[in-house]
Structure formats: C-alpha cells, structure tokens
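Asks: Pasting the sequence and the predicted model now:
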Amino acid sequence: MYESYYGLNSKPFQLTPDPAFFFASKWHKRAMSYLQYGLSQAEGFIVITGGIGTGKTTVANSLLEELEDDIAAAQIVTPKLSPDELVKMVASKFDIATEGRSKADILKALEIFLYDLNRAGRRALLLVDEAQNLPLESIEELRMLSNFQFNGKPLIQSFLLGQEELQPILRAPNMEQFRQRIVASCHLAPLTLEECRAYIEYRLHHAGWNGAQLFSDEAFERIHTFTRGIPRKVNTLMDRIMLYGFLEELDTFSAEAIDEVIVEVKAEMFEPDKSGAEITEHMGFADSPESKTIMTPEGNVIRDTKYYLDMLAELVDALDAAISQKVKMTQYVDKLMKKKFKTYVRLKSDDSKEN
C-alpha cells in the first residue's frame, strides 16, 4: 500500500529473509567472514548463534547466493530430529532416496554420493538452521558424517546456525570431540543505534527511495529503543510506521509519529522487557561503561572498564581485519589452483588426442 506513495519499487521491510536486502553490520560481516573462511578451509564446523530475529538465516542465504558450482549445498531447518531422522533428512536434501531403506543403507548411499561428488571435483555443504533444536546425539551424528573423508579431507562440511540455547549444548562435557572440530564460531548481537539507522536507510534505498531523509534523529532513537536493534523487530515496526505514514500522508517522521505507532502496536505485537530495553550495546553495558565495574570469575574487581573495553574493541577490529585478509588470500589461492588444474586437464586431454 505505502510503496507507491513513497516511490518504492518493492517492500523494504518484509519479514522473509531476502539476500538481496542483506545489511552487513559489524557482527554480520564477521559471521559472513567466518562462513567464507570455513568454506575456504573445506573442513570443520562453523557455528553462528544469535537471538531470535538477529539475521542468522539471512546470513546463511547470502552465503548460498555466493556459492560457486563446485559446492553442492543443502539447507535444513531442524525440528527435534533423532539421529536416524537427521540422516534421512540430509540424504533427501541431496536427492538420495530414503523410502524403505535402513539407516545403514542410507549412509552407504550418502557415502557413494559424496565420493561421486569428489571425483567430479565438487564437495558437499550442509547448512543446519535452528540447530538448537537438535538433541546431543543428533549433533554427534553430524560429527560422524564428517568422517566421510578422502585423502584426509572431509567430503561434507556442516555449518550450524542456532539461537543462544545452542551454546550450552555444545559446552556439554560429552561434546568435546565435536568442539575440537569447530574451526570458528560467532554470536550475532543486536544492532547498535548507528547500525539500526544505517540498516533502515539501506533497506529504503535498496527498495528505491531516493528522496530526502525521512526520519529525524529522535525518530531513529525511538525505533532502536523499542526494537532493541533486533532486525526482525525493526522490520515489523518499520512496516507499520510506513503504513501509518501513508495513511496520515506524512512526508517525514518525527519522534511523536513513531511514538503513536508504538502505542498502537505495543499490546498486539511485542514489548521489550525492562532489563532488555536498557541493554543496547553489544557488550551488555549502558551508555557509560566507565561507570560500571566488572568482577572476574576469580573475584577480582575491574573498575576502569572503559579502558579495557577500548582495548578489547581494538583487538576485535584487528582480528576482523586479519580474518578478512586471510579469507581474501585463501580465495585468491583457491581460484589460482582451480585455474591451474583446468589448464592441466586441458593439456593432458590435448596430449591424449595427439597420441
């Protein structure tokens, strides 16, 4: 309804994850870098966690959009699957028949499929969404699937995406073998105020908005406070805000206009709890972290928290830059090796024809 009024060519705040609207915040960039790094390593597990609506599935879909033809990818959204059910679902996602077959037969068929992929110069990737729903024994089954190997390299690689509940599952004492195969993990935090603003503007412009600024600074603050920077909640609220603007024929949105929409939707949609609404930064601190104290597990009190947080931020940025550079270098080497392999195959084919 409001698209034509604001000159948009698509709906900017739809709830369905859409790679075309992927917004790379600092934490989403890191998650994507870890996924790309994991792909370049062609082994091990990558674990991405985050709260409901923080964009895990959008990150996964964006990764799938960028995959090259040498990777056969499958994505599953897991209810509480038993190990046998998980194996059947994985096999079916790779178009392997499971009807009337035992688990042993399905595993054998899956192994043959993976070896055939390898002979064709390809490999398999499994994206497991909502992985927190899997029982421990089913996660262990994923580890067992990674034992299908050729020349020491696994024939199938798995990425796990799940809510915060996945973290204590993986910390369980009997998950040690699985943890040893995790090559990287990342937790998606909510958007900061600045990121929330950039996220909204990005989606509007991507949908065709090319006018002046629609929202005042105070309006952005209201939106961020109410949604806590959770992308899905931002989308839900923004959709109602844009509809309100269309009905009221607004050219710009003030804080008062946002407040009116929030009053309308508060009871029917979502309302942050008081403790959560106060936490807007990734580290869980208020706007003035220097006023806080931290107690270590050993009981030591750290008073100058801002100093240590600044140091930590610098370290995180340095690590991000190092990971990004390593991913680019690995991708370059990978492309170079593929190019040389194709040249080798062509020359070998020419020699065979001559003989």
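Replies: Perfect, I can see it now. Numbering: from 1, shown residues only.

Asks: Would you check that E260 makes contact with Y244?
Replies: Yes. If you go by C-beta atoms under 8 Å, E260 and Y244 touch, sitting 7.2 Å apart. (C-beta placed from N, C-alpha, C; glycine too.)

Asks: Look at those two and report which has more neighbours.
Replies: A direct count of neighbours by other C-beta atoms under 10 Å for E260 and Y244 places Y244 higher, at 18 against 13.

Asks: where does the stretch 101-250 of the chain have low pLDDT?
Replies: In the predicted model of the stretch 101-250 of the chain, no residue satisfies pLDDT under 70.

Asks: where exactly do the strands run in it?
Replies: Remark: strands assigned in the stretch 101-250 of the chain by DSSP state E, counting those that start in this stretch are 123-129, 149-150, 153-154, 156-162, 182-188.

Asks: Go through those and name the closest to F21.
Replies: Shortest distance between F21 and the strands of the stretch 101-250 of the chain, using C-beta to C-beta, is found for strand 182-188: 16.1 Å.

Asks: which outside residues touch the closest one?
Replies: Contacts to strand 182-188, defined as C-beta atoms under 8 Å, 6 or more residues apart in numbering, come from residues 27-28, 30-31, 34, 37-38, 41, 43-51, 54-56, 59, 164, 167, 170.

Asks: Can you point out the buried residues in that strand?
Replies: 184-188 (16 or more other C-beta atoms under 10 Å).

Asks: quick one on the thing from earlier: pull out the buried members of the contacts of strand 182-188.
Replies: 27-28, 30-31, 34, 37-38, 44-51, 54-56, 59, 170.

Asks: List the residues that contact the closest residue to L145 other than its chain neighbours.
Replies: Nearest residue to L145 in three dimensions, chain neighbours excluded: I156, at 5.7 Å (C-beta to C-beta, 6 or more residues apart in numbering). Applying C-beta under 8 Å, 6+ apart, one finds that I156 lies in contact with 114, 123-126, 145-146, 148.

Asks: you'd agree Q163 is up against G51?
Replies: Yes. Contact criterion C-beta under 8 Å: Q163 and G51 qualify, at 6.6 Å.

Asks: Now list whatever residues contact both of these two.
Replies: With C-beta under 8 Å, 6+ apart, Q163 and G51 have no common neighbours.

Asks: Which residue is the nearest non-sequential neighbour of N61?
Replies: Per C-beta to C-beta, 6+ apart, closest to N61 is P19, 4.6 Å.

Asks: That neighbour contacts L67, correct?
Replies: No. P19 is beyond contact range of L67, at 11.5 Å (criterion: C-beta under 8 Å).

Asks: Contacts only, for G55.
Replies: Contacts of G55 by C-beta under 8 Å, 6+ apart are 17, 28, 188, 231-232.

Asks: those helices in this protein, which residues are they?
Replies: 2-5, 26-41, 56-66, 83-93, 103-119, 136-145, 166-170, 176-179, 193-206, 217-227, 231-248, 255-266, 274-277, 305-354 (DSSP state H).

Asks: Take those helices and write them to JSON lines, including distance to A72.
Replies: Formatted as JSON lines, the helices of the chain follow (distance: least, C-beta to C-beta, whole Å):
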{"stretch": "helix 2-5", "distance to A72": "37"}
{"stretch": "helix 26-41", "distance to A72": "13"}
{"stretch": "helix 56-66", "distance to A72": "11"}
{"stretch": "helix 83-93", "distance to A72": "10"}
{"stretch": "helix 103-119", "distance to A72": "6"}
{"stretch": "helix 136-145", "distance to A72": "14"}
{"stretch": "helix 166-170", "distance to A72": "25"}
{"stretch": "helix 176-179", "distance to A72": "23"}
{"stretch": "helix 193-206", "distance to A72": "30"}
{"stretch": "helix 217-227", "distance to A72": "38"}
{"stretch": "helix 231-248", "distance to A72": "29"}
{"stretch": "helix 255-266", "distance to A72": "43"}
{"stretch": "helix 274-277", "distance to A72": "41"}
{"stretch": "helix 305-354", "distance to A72": "16"}
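
Asks: quick one: G211 and L204, what's the gap?
Replies: Using C-beta to C-beta, to the nearest Å, one gets 9 Å for the distance from G211 to L204.

Asks: Looking at the two now, which is surrounded by more residues?
Replies: More neighbours surround L204 than the other of G211 and L204, with 21 against 11 (other C-beta under 10 Å).

Asks: Give me the nearest residue to that one, chain neighbours excluded.
Replies: Among residues not flanking L204 along the chain, P12 sits closest, at 5.3 Å (C-beta to C-beta, 6+ apart).

Asks: So what's the residue count around the one you found?
Replies: By other C-beta under 10 Å, neighbour count at P12 equals 23.

Asks: same question, S349
Replies: By other C-beta under 10 Å, the burial measure for S349, its neighbour count, is 10.

Asks: got it, and A72?
Replies: A72 - counted by other C-beta under 10 Å - has 19 other residues nearby.
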